[in-house]
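Participant: this one's structure only:
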DNA sequence: CTAACGTTTGTCCAATCGGTCAAAATTTGC
DNA sequence: GCAAATTTTGACCGATTGGACAAACGTTAG
(Lines give C-alpha, C1' and ligand atoms only; values in the text may rest on other atoms or scores of the structure.)
Protein backbone atom coordinates (compact mmCIF):
# COMPACT_ATOMS: atom_id res chain seq x y z
CA UNK A 1 0.00 0.00 0.00
CA UNK A 2 1.29 3.38 -0.96
CA UNK A 3 1.16 5.81 1.94
CA UNK A 4 0.16 8.63 -0.44
CA UNK A 5 -2.46 6.58 -2.27
CA UNK A 6 -5.77 8.38 -2.58
CA UNK A 7 -8.74 6.35 -1.39
CA UNK A 8 -11.00 5.95 -4.36
CA UNK A 9 -13.87 8.46 -4.22
CA UNK A 10 -17.34 7.49 -3.06
CA UNK A 11 -20.25 7.60 -5.45
CA UNK A 12 -21.61 10.56 -3.48
CA UNK A 13 -18.29 12.33 -3.80
CA UNK A 14 -18.34 11.96 -7.55
CA UNK A 15 -21.92 13.20 -7.79
CA UNK A 16 -21.49 16.14 -5.46
CA UNK A 17 -18.23 17.24 -7.04
CA UNK A 18 -19.96 17.23 -10.41
CA UNK A 19 -22.89 19.19 -9.00
CA UNK A 20 -20.53 21.77 -7.53
CA UNK A 21 -18.54 22.13 -10.74
CA UNK A 22 -21.71 22.73 -12.72
CA UNK A 23 -22.91 25.38 -10.27
CA UNK A 24 -19.45 26.95 -10.19
CA UNK A 25 -19.40 27.12 -13.98
CA UNK A 26 -22.62 29.11 -13.84
CA UNK A 27 -21.31 31.50 -11.24
CA UNK A 28 -17.74 31.94 -12.47
CA UNK A 29 -18.75 32.41 -16.10
CA UNK A 30 -21.11 35.26 -15.27
CA UNK A 31 -19.21 36.96 -12.44
CA UNK A 32 -15.56 36.16 -13.07
CA UNK A 33 -13.29 34.64 -10.44
CA UNK A 34 -13.06 37.54 -8.02
CA UNK A 35 -16.66 38.51 -8.62
CA UNK A 36 -17.85 35.09 -7.45
CA UNK A 37 -18.20 33.99 -3.85
CA UNK A 38 -18.13 30.52 -2.37
CA UNK A 39 -21.54 31.22 -0.87
CA UNK A 40 -22.99 31.91 -4.31
CA UNK A 41 -21.62 28.64 -5.65
CA UNK A 42 -22.76 26.69 -2.61
CA UNK A 43 -26.19 28.27 -2.95
CA UNK A 44 -26.42 27.38 -6.63
CA UNK A 45 -25.38 23.85 -5.80
CA UNK A 46 -27.95 23.62 -3.01
CA UNK A 47 -25.58 23.07 -0.14
CA UNK A 48 -23.89 24.97 2.67
CA UNK A 49 -20.51 26.60 2.32
CA UNK A 50 -18.67 24.29 4.72
CA UNK A 51 -20.20 21.34 2.93
CA UNK A 52 -18.89 22.59 -0.39
CA UNK A 53 -15.47 23.06 1.17
CA UNK A 54 -15.59 19.43 2.20
CA UNK A 55 -15.44 18.49 -1.49
CA UNK A 56 -13.08 21.20 -2.74
CA UNK A 57 -10.38 22.56 -0.52
CA UNK A 58 -10.67 26.13 -1.80
CA UNK A 59 -12.26 28.49 -4.32
CA UNK A 60 -9.05 28.32 -6.32
CA UNK A 61 -9.33 24.56 -6.36
CA UNK A 62 -12.77 24.66 -7.95
CA UNK A 63 -11.69 27.21 -10.51
CA UNK A 64 -8.52 25.32 -11.42
CA UNK A 65 -10.48 22.12 -11.89
CA UNK A 66 -12.94 23.90 -14.18
CA UNK A 67 -10.21 25.53 -16.27
CA UNK A 68 -8.33 22.28 -16.66
CA UNK A 69 -11.46 20.46 -17.82
CA UNK A 70 -12.44 23.27 -20.13
CA UNK A 71 -9.14 23.24 -21.95
CA UNK A 72 -9.34 19.55 -22.73
CA UNK A 73 -12.57 19.96 -24.68
CA UNK A 74 -11.90 23.47 -25.91
CA UNK A 75 -9.10 22.61 -28.28
CA UNK A 76 -10.67 19.39 -29.57
CA UNK A 77 -12.13 21.02 -32.72
CA UNK A 78 -8.72 22.41 -33.68
CA UNK A 79 -7.13 19.00 -33.20
CA UNK A 80 -9.52 17.55 -35.73
CA UNK A 81 -8.15 19.62 -38.58
CA UNK A 82 -5.95 17.50 -40.83
CA UNK A 83 -4.82 17.59 -44.42
CA UNK A 84 -6.47 14.47 -45.75
CA UNK A 85 -9.78 16.08 -46.66
CA UNK A 86 -10.61 18.94 -48.99
CA UNK A 87 -9.17 22.17 -47.51
CA UNK A 88 -12.23 24.37 -47.93
CA UNK A 89 -14.49 21.64 -46.57
CA UNK A 90 -12.11 21.13 -43.68
CA UNK A 91 -12.15 24.82 -42.75
CA UNK A 92 -15.92 25.04 -43.15
CA UNK A 93 -16.28 22.09 -40.81
CA UNK A 94 -13.97 23.73 -38.26
CA UNK A 95 -15.99 26.95 -38.32
CA UNK A 96 -19.20 24.98 -37.90
CA UNK A 97 -17.81 23.00 -34.97
CA UNK A 98 -16.58 26.14 -33.23
CA UNK A 99 -19.95 27.82 -33.72
CA UNK A 100 -21.70 24.78 -32.29
CA UNK A 101 -19.48 24.97 -29.24
CA UNK A 102 -20.42 28.62 -28.78
CA UNK A 103 -24.06 27.57 -28.95
CA UNK A 104 -23.82 24.48 -26.75
CA UNK A 105 -21.14 25.53 -24.27
CA UNK A 106 -21.50 29.30 -23.80
CA UNK A 107 -20.57 29.11 -20.13
CA UNK A 108 -17.25 27.47 -20.94
CA UNK A 109 -16.58 30.10 -23.58
CA UNK A 110 -17.25 32.92 -21.15
CA UNK A 111 -15.12 31.30 -18.46
CA UNK A 112 -12.26 31.17 -20.94
CA UNK A 113 -12.88 34.74 -22.09
CA UNK A 114 -12.85 35.96 -18.50
CA UNK A 115 -9.53 34.23 -17.91
CA UNK A 116 -7.92 35.73 -21.02
CA UNK A 117 -9.35 39.19 -20.35
CA UNK A 118 -7.70 39.24 -16.92
CA UNK A 119 -4.37 38.51 -18.55
CA UNK A 120 -4.52 34.69 -18.39
CA UNK A 121 -2.72 34.56 -15.04
CA UNK A 122 -3.42 30.88 -14.54
CA UNK A 123 -2.95 29.50 -18.04
CA UNK A 124 -0.21 31.62 -19.56
CA UNK A 125 2.28 28.72 -19.76
CA UNK A 126 -0.29 26.63 -21.57
CA UNK A 127 -0.96 29.39 -24.11
CA UNK A 128 2.74 29.78 -24.87
CA UNK A 129 3.34 26.04 -24.89
CA UNK A 130 0.65 23.59 -25.84
CA UNK A 131 -1.67 26.06 -27.59
CA UNK A 132 1.08 27.78 -29.55
CA UNK A 133 2.54 24.54 -30.88
CA UNK A 134 -0.89 23.23 -31.80
CA UNK A 135 -1.71 26.41 -33.71
CA UNK A 136 1.72 26.42 -35.34
CA UNK A 137 1.16 22.85 -36.47
CA UNK A 138 -2.23 23.63 -38.00
CA UNK A 139 -0.89 26.83 -39.55
CA UNK A 140 1.70 24.69 -41.27
CA UNK A 141 -1.00 22.49 -42.75
CA UNK A 142 -2.92 25.55 -43.94
CA UNK A 143 0.24 26.97 -45.51
CA UNK A 144 0.57 23.73 -47.46
CA UNK A 145 -2.96 24.22 -48.79
CA UNK A 146 -2.02 27.70 -49.92
CA UNK A 147 1.11 26.47 -51.67
CA UNK A 148 -1.01 23.90 -53.50
CA UNK A 149 -3.40 26.63 -54.59
CA UNK A 150 -6.29 25.00 -52.69
CA UNK A 151 -7.11 28.18 -50.79
CA UNK A 152 -6.13 31.82 -51.16
CA UNK A 153 -2.76 32.91 -49.84
CA UNK A 154 -3.07 34.72 -46.54
CA UNK A 155 -1.85 34.57 -42.94
CA UNK A 156 -2.84 31.22 -41.35
CA UNK A 157 -2.44 32.47 -37.77
CA UNK A 158 -4.71 35.45 -38.24
CA UNK A 159 -7.11 33.20 -40.11
CA UNK A 160 -7.38 31.01 -37.02
CA UNK A 161 -7.79 34.09 -34.81
CA UNK A 162 -10.64 35.33 -36.99
CA UNK A 163 -12.42 32.00 -36.73
CA UNK A 164 -12.06 32.02 -32.96
CA UNK A 165 -13.21 35.63 -32.73
CA UNK A 166 -16.28 35.36 -34.95
CA UNK A 167 -17.58 32.14 -33.43
CA UNK A 168 -16.88 32.84 -29.76
CA UNK A 169 -18.50 36.24 -30.21
CA UNK A 170 -21.87 34.50 -30.23
CA UNK A 171 -21.20 33.07 -26.77
CA UNK A 172 -19.20 35.85 -25.10
CA UNK A 173 -21.21 38.79 -26.46
CA UNK A 174 -24.51 36.93 -26.52
CA UNK A 175 -26.49 39.61 -24.69
CA UNK A 176 -25.33 42.25 -27.12
CA UNK A 177 -26.10 40.06 -30.14
CA UNK A 178 -29.59 39.35 -28.85
CA UNK A 179 -30.20 42.99 -27.93
CA UNK A 180 -29.19 44.22 -31.39
CA UNK A 181 -31.06 41.54 -33.30
CA UNK A 182 -34.17 42.25 -31.26
CA UNK A 183 -36.90 39.85 -30.18
CA UNK A 184 -37.72 38.81 -33.73
CA UNK A 185 -34.36 37.69 -35.04
CA UNK A 186 -32.59 37.13 -31.71
CA UNK A 187 -34.19 33.74 -31.08
CA UNK A 188 -32.60 30.35 -31.52
CA UNK A 189 -32.37 30.87 -35.27
CA UNK A 190 -29.55 33.34 -34.80
CA UNK A 191 -27.01 30.54 -34.81
CA UNK A 192 -28.23 29.25 -38.17
CA UNK A 193 -28.09 32.76 -39.58
CA UNK A 194 -24.60 33.16 -38.19
CA UNK A 195 -23.51 29.83 -39.70
CA UNK A 196 -24.78 30.84 -43.14
CA UNK A 197 -23.16 34.25 -42.92
CA UNK A 198 -19.79 32.98 -41.70
CA UNK A 199 -19.59 30.32 -44.39
CA UNK A 200 -20.16 32.94 -47.07
CA UNK A 201 -17.74 35.40 -45.47
CA UNK A 202 -14.89 32.94 -45.11
CA UNK A 203 -15.39 31.42 -48.54
CA UNK A 204 -16.13 34.38 -50.78
CA UNK A 205 -15.95 37.63 -48.85
CA UNK A 206 -18.03 40.67 -49.71
CA UNK A 207 -16.89 41.50 -53.22
CA UNK A 208 -19.87 41.03 -55.52
CA UNK B 1 -29.28 81.57 -8.06
CA UNK B 2 -30.62 78.05 -8.35
CA UNK B 3 -30.45 76.22 -5.05
CA UNK B 4 -29.50 72.98 -6.86
CA UNK B 5 -26.89 74.63 -9.08
CA UNK B 6 -23.55 72.85 -9.02
CA UNK B 7 -20.64 75.14 -8.25
CA UNK B 8 -18.39 75.04 -11.25
CA UNK B 9 -15.42 72.68 -10.60
CA UNK B 10 -11.99 73.95 -9.70
CA UNK B 11 -9.09 73.36 -12.07
CA UNK B 12 -7.65 70.93 -9.51
CA UNK B 13 -10.92 69.06 -9.43
CA UNK B 14 -10.89 68.64 -13.19
CA UNK B 15 -7.29 67.45 -13.18
CA UNK B 16 -7.70 65.04 -10.29
CA UNK B 17 -10.92 63.57 -11.64
CA UNK B 18 -9.15 62.93 -14.95
CA UNK B 19 -6.22 61.34 -13.14
CA UNK B 20 -8.55 59.08 -11.20
CA UNK B 21 -10.51 58.04 -14.28
CA UNK B 22 -7.31 57.09 -16.09
CA UNK B 23 -6.10 55.02 -13.14
CA UNK B 24 -9.53 53.44 -12.78
CA UNK B 25 -9.56 52.49 -16.45
CA UNK B 26 -6.31 50.63 -15.89
CA UNK B 27 -7.60 48.80 -12.86
CA UNK B 28 -11.16 48.05 -14.01
CA UNK B 29 -10.10 46.86 -17.47
CA UNK B 30 -7.71 44.29 -16.07
CA UNK B 31 -9.62 43.16 -12.97
CA UNK B 32 -13.26 43.76 -13.75
CA UNK B 33 -15.56 45.76 -11.50
CA UNK B 34 -15.78 43.42 -8.54
CA UNK B 35 -12.15 42.41 -8.91
CA UNK B 36 -11.01 46.00 -8.46
CA UNK B 37 -10.72 47.82 -5.14
CA UNK B 38 -10.86 51.51 -4.42
CA UNK B 39 -7.47 51.18 -2.78
CA UNK B 40 -5.96 49.85 -5.99
CA UNK B 41 -7.37 52.76 -7.97
CA UNK B 42 -6.29 55.30 -5.37
CA UNK B 43 -2.83 53.74 -5.37
CA UNK B 44 -2.60 53.86 -9.15
CA UNK B 45 -3.70 57.49 -9.05
CA UNK B 46 -1.14 58.30 -6.36
CA UNK B 47 -3.56 59.37 -3.67
CA UNK B 48 -5.22 58.07 -0.55
CA UNK B 49 -8.59 56.33 -0.56
CA UNK B 50 -10.48 59.06 1.32
CA UNK B 51 -8.97 61.61 -1.02
CA UNK B 52 -10.25 59.69 -4.03
CA UNK B 53 -13.67 59.49 -2.43
CA UNK B 54 -13.60 63.27 -2.17
CA UNK B 55 -13.72 63.43 -5.97
CA UNK B 56 -16.05 60.47 -6.66
CA UNK B 57 -18.72 59.55 -4.23
CA UNK B 58 -18.40 55.77 -4.76
CA UNK B 59 -16.75 52.99 -6.73
CA UNK B 60 -19.96 52.70 -8.76
CA UNK B 61 -19.73 56.39 -9.55
CA UNK B 62 -16.25 56.03 -11.06
CA UNK B 63 -17.30 53.00 -13.08
CA UNK B 64 -20.47 54.61 -14.36
CA UNK B 65 -18.56 57.70 -15.46
CA UNK B 66 -16.07 55.53 -17.32
CA UNK B 67 -18.74 53.47 -19.06
CA UNK B 68 -20.65 56.55 -20.10
CA UNK B 69 -17.54 58.17 -21.58
CA UNK B 70 -16.51 54.96 -23.28
CA UNK B 71 -19.78 54.60 -25.11
CA UNK B 72 -19.59 58.05 -26.61
CA UNK B 73 -16.34 57.30 -28.39
CA UNK B 74 -16.97 53.62 -28.92
CA UNK B 75 -19.72 53.97 -31.45
CA UNK B 76 -18.13 56.88 -33.32
CA UNK B 77 -16.63 54.69 -36.08
CA UNK B 78 -20.01 53.13 -36.80
CA UNK B 79 -21.61 56.56 -37.03
CA UNK B 80 -19.18 57.50 -39.75
CA UNK B 81 -20.52 54.90 -42.18
CA UNK B 82 -22.69 56.51 -44.81
CA UNK B 83 -23.74 55.72 -48.34
CA UNK B 84 -22.11 58.51 -50.21
CA UNK B 85 -18.75 56.77 -50.75
CA UNK B 86 -17.91 53.51 -52.47
CA UNK B 87 -19.37 50.64 -50.40
CA UNK B 88 -16.32 48.40 -50.35
CA UNK B 89 -14.08 51.34 -49.51
CA UNK B 90 -16.49 52.41 -46.80
CA UNK B 91 -16.46 48.98 -45.18
CA UNK B 92 -12.68 48.68 -45.49
CA UNK B 93 -12.35 52.04 -43.75
CA UNK B 94 -14.70 50.94 -40.95
CA UNK B 95 -12.68 47.78 -40.36
CA UNK B 96 -9.48 49.79 -40.30
CA UNK B 97 -10.90 52.31 -37.83
CA UNK B 98 -12.15 49.58 -35.52
CA UNK B 99 -8.78 47.84 -35.63
CA UNK B 100 -7.05 51.10 -34.80
CA UNK B 101 -9.32 51.52 -31.82
CA UNK B 102 -8.38 48.03 -30.62
CA UNK B 103 -4.74 49.03 -30.95
CA UNK B 104 -5.00 52.51 -29.42
CA UNK B 105 -7.72 51.97 -26.81
CA UNK B 106 -7.36 48.37 -25.60
CA UNK B 107 -8.35 49.31 -22.06
CA UNK B 108 -11.65 50.73 -23.23
CA UNK B 109 -12.28 47.61 -25.29
CA UNK B 110 -11.64 45.34 -22.34
CA UNK B 111 -13.80 47.45 -20.07
CA UNK B 112 -16.64 47.08 -22.54
CA UNK B 113 -15.99 43.36 -22.96
CA UNK B 114 -16.08 42.87 -19.20
CA UNK B 115 -19.39 44.66 -19.01
CA UNK B 116 -20.98 42.57 -21.78
CA UNK B 117 -19.54 39.33 -20.41
CA UNK B 118 -21.25 39.97 -17.07
CA UNK B 119 -24.56 40.32 -18.87
CA UNK B 120 -24.40 44.10 -19.46
CA UNK B 121 -26.27 44.88 -16.21
CA UNK B 122 -25.55 48.60 -16.44
CA UNK B 123 -25.99 49.25 -20.16
CA UNK B 124 -28.71 46.86 -21.25
CA UNK B 125 -31.20 49.65 -22.05
CA UNK B 126 -28.61 51.36 -24.21
CA UNK B 127 -27.92 48.16 -26.14
CA UNK B 128 -31.59 47.61 -26.84
CA UNK B 129 -32.20 51.26 -27.63
CA UNK B 130 -29.49 53.49 -29.01
CA UNK B 131 -27.16 50.73 -30.20
CA UNK B 132 -29.88 48.65 -31.83
CA UNK B 133 -31.33 51.57 -33.79
CA UNK B 134 -27.89 52.68 -34.91
CA UNK B 135 -27.04 49.19 -36.14
CA UNK B 136 -30.45 48.85 -37.78
CA UNK B 137 -29.87 52.11 -39.59
CA UNK B 138 -26.46 51.06 -40.88
CA UNK B 139 -27.77 47.62 -41.79
CA UNK B 140 -30.36 49.37 -43.93
CA UNK B 141 -27.61 51.23 -45.78
CA UNK B 142 -25.68 48.01 -46.32
CA UNK B 143 -28.81 46.31 -47.62
CA UNK B 144 -29.10 49.09 -50.18
CA UNK B 145 -25.57 48.36 -51.34
CA UNK B 146 -26.49 44.72 -51.77
CA UNK B 147 -29.59 45.58 -53.78
CA UNK B 148 -27.44 47.72 -56.03
CA UNK B 149 -25.02 44.86 -56.53
CA UNK B 150 -22.19 46.84 -54.96
CA UNK B 151 -21.37 44.10 -52.45
CA UNK B 152 -22.34 40.45 -52.12
CA UNK B 153 -25.74 39.63 -50.67
CA UNK B 154 -25.51 38.51 -47.07
CA UNK B 155 -26.77 39.35 -43.60
CA UNK B 156 -25.79 42.95 -42.68
CA UNK B 157 -26.26 42.44 -38.92
CA UNK B 158 -23.97 39.44 -38.77
CA UNK B 159 -21.55 41.28 -41.00
CA UNK B 160 -21.31 44.02 -38.41
CA UNK B 161 -20.95 41.44 -35.63
CA UNK B 162 -18.07 39.80 -37.48
CA UNK B 163 -16.28 43.13 -37.86
CA UNK B 164 -16.70 43.85 -34.16
CA UNK B 165 -15.55 40.36 -33.22
CA UNK B 166 -12.46 40.19 -35.39
CA UNK B 167 -11.17 43.66 -34.53
CA UNK B 168 -11.91 43.69 -30.81
CA UNK B 169 -10.29 40.27 -30.56
CA UNK B 170 -6.89 41.98 -30.88
CA UNK B 171 -7.62 44.06 -27.77
CA UNK B 172 -9.64 41.68 -25.60
CA UNK B 173 -7.62 38.52 -26.34
CA UNK B 174 -4.33 40.33 -26.73
CA UNK B 175 -2.39 38.08 -24.37
CA UNK B 176 -3.53 35.00 -26.25
CA UNK B 177 -2.71 36.55 -29.62
CA UNK B 178 0.77 37.49 -28.46
CA UNK B 179 1.36 34.11 -26.84
CA UNK B 180 0.38 32.21 -29.98
CA UNK B 181 2.29 34.47 -32.38
CA UNK B 182 5.38 34.16 -30.20
CA UNK B 183 8.09 36.72 -29.56
CA UNK B 184 8.99 37.05 -33.24
CA UNK B 185 5.64 37.89 -34.78
CA UNK B 186 3.85 39.09 -31.64
CA UNK B 187 5.44 42.55 -31.68
CA UNK B 188 3.87 45.78 -32.80
CA UNK B 189 3.67 44.53 -36.38
CA UNK B 190 0.83 42.19 -35.47
CA UNK B 191 -1.71 44.94 -36.08
CA UNK B 192 -0.44 45.54 -39.59
CA UNK B 193 -0.57 41.82 -40.29
CA UNK B 194 -4.09 41.72 -38.91
CA UNK B 195 -5.14 44.67 -41.05
CA UNK B 196 -3.83 43.01 -44.20
CA UNK B 197 -5.46 39.71 -43.36
CA UNK B 198 -8.84 41.19 -42.43
CA UNK B 199 -8.99 43.26 -45.61
CA UNK B 200 -8.41 40.17 -47.71
CA UNK B 201 -10.85 38.08 -45.68
CA UNK B 202 -13.71 40.55 -45.87
CA UNK B 203 -13.14 41.38 -49.52
CA UNK B 204 -12.37 38.04 -51.13
CA UNK B 205 -12.59 35.23 -48.59
CA UNK B 206 -10.51 32.08 -48.79
CA UNK B 207 -11.61 30.56 -52.10
CA UNK B 208 -8.58 30.59 -54.42
C1' DC C 1 -2.68 88.59 9.18
C1' DT C 2 -6.70 86.03 8.93
C1' DA C 3 -11.06 84.17 7.74
C1' DA C 4 -13.17 81.32 4.34
C1' DC C 5 -12.74 77.79 1.34
C1' DG C 6 -10.80 73.80 -0.87
C1' DT C 7 -7.98 69.62 -0.18
C1' DT C 8 -5.83 65.70 2.23
C1' DT C 9 -5.31 62.31 5.70
C1' DG C 10 -5.71 58.97 9.85
C1' DT C 11 -8.94 56.54 12.04
C1' DC C 12 -12.80 54.05 12.33
C1' DC C 13 -16.96 50.99 11.17
C1' DA C 14 -20.12 47.50 9.43
C1' DA C 15 -20.48 44.14 5.94
C1' DT C 16 -18.61 40.57 3.34
C1' DC C 17 -15.38 37.14 2.29
C1' DG C 18 -12.55 32.73 2.35
C1' DG C 19 -11.77 29.31 5.29
C1' DT C 20 -11.65 26.42 10.03
C1' DC C 21 -13.45 23.33 13.44
C1' DA C 22 -15.81 20.42 16.33
C1' DA C 23 -20.01 18.43 16.87
C1' DA C 24 -24.12 16.39 14.95
C1' DA C 25 -26.41 13.65 11.44
C1' DT C 26 -26.23 10.20 8.10
C1' DT C 27 -24.61 6.37 5.48
C1' DT C 28 -22.05 2.17 4.98
C1' DG C 29 -19.82 -2.35 5.92
C1' DC C 30 -20.30 -6.34 8.51
C1' DG D 1 -28.24 -3.86 14.64
C1' DC D 2 -24.12 -1.53 15.43
C1' DA D 3 -19.68 0.42 14.98
C1' DA D 4 -16.89 2.84 11.79
C1' DA D 5 -16.63 5.96 8.21
C1' DT D 6 -18.60 9.55 5.68
C1' DT D 7 -21.31 13.67 5.15
C1' DT D 8 -23.54 17.96 6.82
C1' DT D 9 -24.05 21.86 9.67
C1' DG D 10 -23.74 26.02 12.92
C1' DA D 11 -20.70 28.85 14.98
C1' DC D 12 -16.78 31.21 14.54
C1' DC D 13 -12.30 33.82 12.93
C1' DG D 14 -9.15 36.99 10.72
C1' DA D 15 -8.62 39.67 6.61
C1' DT D 16 -10.37 42.67 3.19
C1' DT D 17 -13.57 45.82 1.50
C1' DG D 18 -16.50 50.11 0.58
C1' DG D 19 -17.36 54.01 2.74
C1' DA D 20 -17.94 57.81 6.71
C1' DC D 21 -16.03 61.48 9.40
C1' DA D 22 -13.81 64.93 11.72
C1' DA D 23 -9.59 66.93 12.17
C1' DA D 24 -5.62 68.80 9.95
C1' DC D 25 -3.48 71.00 6.14
C1' DG D 26 -3.06 74.20 2.40
C1' DT D 27 -4.47 78.20 -0.43
C1' DT D 28 -6.37 82.34 -1.55
C1' DA D 29 -8.79 86.88 -1.24
C1' DG D 30 -9.31 90.87 1.45
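Facilitator: Yep, that arrived. Fair warning: this is a prediction, and the values are worked out from it, not measured in the lab.

Participant: From now on I want contacts and neighbour counts done on CA atoms only, so please keep to that.
Facilitator: Will do.

Participant: Quick one: mean pLDDT for the longest helix seen in chain A?
Facilitator: Counting by DSSP state H, the longest helix found in chain A is helix A:11-31. What helix A:11-31 shows for mean pLDDT is 92.

Participant: Also stretch A:88-103?
Facilitator: On average, stretch A:88-103 scores 97.

Participant: before we move on, the earlier item: determine the next helix or strand in the C-terminal direction from the longest helix of chain A.
Facilitator: helix A:38-45 (DSSP states H and E).

Participant: in chain A, what residue is nearest DNA strand D?
Facilitator: Nearest to DNA strand D in chain A, going by Cα to the nearest atom of the strand, is residue A:51, at a distance of 3.3 Å.

Participant: before we move on, the earlier item: ok, the longest helix of chain A near DNA strand D or not?
Facilitator: Yes: using Cα under 7 Å from any atom of the strand, helix A:11-31 reaches DNA strand D at A:11-13, A:16.

Participant: between those, which is closest to chain B?
Facilitator: Using Cα to the nearest Cα, residue A:16 comes nearest to chain B of those, at 26.5 Å.

Participant: In contact with the closest one, which residues?
Facilitator: Under the criterion of Cα atoms under 8 Å, 6 or more residues apart in numbering or on different chains, the contact list for residue A:16 reads residue A:55.

Participant: again, but for residue A:77
Facilitator: Contacts of residue A:77 (Cα under 8 Å, 6+ apart): A:94, A:97-98.

Participant: in chain A, which spans are helices?
Facilitator: With DSSP H as the criterion, chain A has helices spanning A:11-31, A:38-45, A:49-55, A:59-74, A:76-79, A:87-104, A:106-117, A:124-126, A:132-147, A:156-172, A:174-185, A:190-204.

Participant: Dump those helices to a markdown table, plus distance to residue B:26.
Facilitator: Formatted as a markdown table, the helices of chain A follow (distance: least, Cα to Cα, whole Å):
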| stretch | distance to residue B:26 |
| --- | --- |
| helix A:11-31 | 19 |
| helix A:38-45 | 27 |
| helix A:49-55 | 33 |
| helix A:59-74 | 24 |
| helix A:76-79 | 33 |
| helix A:87-104 | 29 |
| helix A:106-117 | 13 |
| helix A:124-126 | 20 |
| helix A:132-147 | 28 |
| helix A:156-172 | 22 |
| helix A:174-185 | 24 |
| helix A:190-204 | 34 |
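
Participant: got a winner among the contacts of residue A:77 for most neighbours?
Facilitator: residue A:98 (21 neighbours; other Cα atoms under 10 Å in any protein chain shown).

Participant: ok, now which ones touch it?
Facilitator: Counted by Cα under 8 Å, 6+ apart, residue A:98 has contacts A:77, A:163-164, A:167-168.

Participant: ok, now residue A:108?
Facilitator: A:25, A:29, A:70.

Participant: is it true that the second one touches residue A:105?
Facilitator: Right, residue A:29. No: using Cα atoms under 8 Å, residue A:29 is not in contact with residue A:105, being 10.9 Å away.

Participant: Compare neighbour counts for the two and give me the winner.
Facilitator: The residue with more neighbours, out of residue A:29 and residue A:105, is residue A:29; 24 against 14, by other Cα under 10 Å.

Participant: pull the helix or strand with minimum mean pLDDT from chain A.
Facilitator: helix A:11-31 (a mean of 92; mean pLDDT, DSSP states H and E).

Participant: and residue A:147, how far is that from chain B?
Facilitator: 11 Å (Cα to the nearest Cα, to the nearest Å).

Participant: Could you report the pLDDT at that residue?
Facilitator: Reported pLDDT for residue A:147: 97.

Participant: what does chain A put close to DNA strand D?
Facilitator: Residues of chain A lying close to DNA strand D (Cα under 7 Å from any atom of the strand) are A:10-13, A:16, A:47-52, A:54.

Participant: repeat that with 10 Å
Facilitator: Within chain A, the positions adjacent to DNA strand D are A:7-17, A:34, A:42, A:46-55 by Cα under 10 Å from any atom of the strand.
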